[in-house]
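[1] give me coordinates for this.
(one chain, ligands or ions: 1)
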Amino acid sequence: MDIISTIPELRARLAQEARIAFVPTMGNLHAGHISLVNLAQQRGNCVVSSIFVNPLQFAPNEDLASYPRTLQADCEKLQEIGCDVVFTPDETALYPQPQDVLIALPEIADQLSGAVRLGHFHGVATVVLKLFNIVRPQVAVFGQKDFQQWHIIRHMVEQLALPIEILKGETVREQDGLAMSSRNSYLKPAERMEAPRLYKALQQVVQAVQGGRHDFAAMEAQTTQTLTQLGWQVDYVAVRSANTLQTPRDHDRDLVVLSSAKLGKTRLIDNIVFAV
Ligand code: PAF
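    Reported below is the predicted structural model:
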């Protein structure tokens, strides 16, 4: 596996590759990331993963400084599963000047997690587009856990006519249902015990909708209230169309229920895509 940290070296390494599958990450890799790399391996001849904690997608009050950085262990994991190239730029390699060209996004980027994390998706879309321009993949893989991110990237790729197929890798869960996330390591023991409840709460919403309920606002409010009573600070619980991320209309059959909520200082997100 080649570990490369500059753009010219990466471009030279990839120049002859015909079908690149790309998995962008912020490192601190867990089984969820590994499953994305495995999916990429099925779809490309050369799998490139990037590890870069992108300052542009963190608001000033967020965990940029404390975000877990485990570069050596990450590279060992990628090597073990046969990743071909890992791109590990530092901040000056990716942002040699302050990045004042940013991607403008539709309103959905300022809703749901975008309303809680101001500017987050603009930072994500900008770094992803920049990484796409550097790596020039044919395929790129994003995790379903970040459903809104996947939706926005797919929309950006479509609107900018980028010749890249965007794949969605399934959420990998701990045995008790908690979605794997680098931020799970922030949870205190009691919070870790409570954390799987978010997924269970979403499962209950799915069951209710599939059982015929359509009063989405009432269900969202009930779930928020239940979680709040159990000590969660709920950012949102939302049932949306899985295709548009807008409030479902009568004919929508593919739905997603999404939530973001904090336990103590740790913000967790999760979602379930389902059909009615
Ligand atoms: O999902 C992530 O880890 C990040 O948002 C991404 C896509 C690597 C961009 O920094």
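
[2] which one's the longest helix in this structure?
    helix 120-135 (DSSP state H).

[3] what parts of the chain come near the ligand?
    Pro24, Thr25, Met26, Asn54, Gln57, Val124, Val127, Val128, Asp146, Gln149 (C-beta under 6 Å from any ligand atom). Backbone N, C-alpha and C define where each C-beta goes, glycine included.

[4] how far away is the last one from Arg213?
    Spelled out, that is Gln149. According to C-beta to C-beta, to the nearest Å, Gln149 and Arg213 sit 28 Å apart.

[5] between the two, which has more neighbouring residues?
    Gln149 (22 against 13; other C-beta atoms under 10 Å).

[6] and the residue of the stretch 151-276 of the chain found nearest the ligand, what pLDDT?
    Closest approach between the stretch 151-276 of the chain and the ligand, counting by C-beta to the nearest ligand atom: Ile153, at 7.5 Å. What the model reports for Ile153 is a pLDDT of 98.

[7] count the neighbours of it for me.
    Ile153: 24 surrounding residues under other C-beta under 10 Å.

[8] my read is that it contacts Val128, right?
    Yes: using C-beta atoms under 8 Å, Ile153 is in contact with Val128, at 5.7 Å.

[9] pLDDT on the helix or strand just after the longest helix of the chain, on average?
    Once the chain leaves helix 120-135, the next helix or strand it forms, by DSSP states H and E, is strand 139-143. Across strand 139-143, pLDDT averages out at 98.

[10] report all helices and strands that strand 139-143 contacts.
    With contacts taken as 3 or more C-beta pairs under 8 Å, 6 or more residues apart in numbering; DSSP states H and E, strand 139-143 sits against strand 20-25, helix 31-43, helix 147-159, strand 165-169.

[11] and among those, the most buried is which?
    Highest mean neighbour count among the helices and strands packed on strand 139-143 (mean count of other C-beta atoms under 10 Å): strand 20-25, with a mean of 25.

[12] just checking: what are the partner strands of it?
    With DSSP bridges as the test, strand 20-25 is paired with strand 46-51 (parallel), strand 139-143 (parallel).

[13] out of those strands, which is the most enclosed?
    Greatest burial across the strands paired with strand 20-25, using mean count of other C-beta under 10 Å, falls to strand 46-51, with a mean of 26.

[14] moving C-terminal from that strand, which element do we reach first?
    helix 71-80.

[15] packing partners for that following helix?
    So helix 71-80, by 3+ C-beta pairs under 8 Å, 6+ apart, packs with strand 46-51, strand 85-87.

[16] thinking again about what came up before, contact partners of the longest helix of the chain?
    Here helix 120-135 makes contact (C-beta atoms under 8 Å, 6 or more residues apart in numbering) with 7, 10-11, 14, 20, 22, 24, 48, 50, 52, 54-59, 87, 94, 99, 101-105, 109-110, 113-114, 140, 148-149, 152-153, 156, 160, 162, 164.
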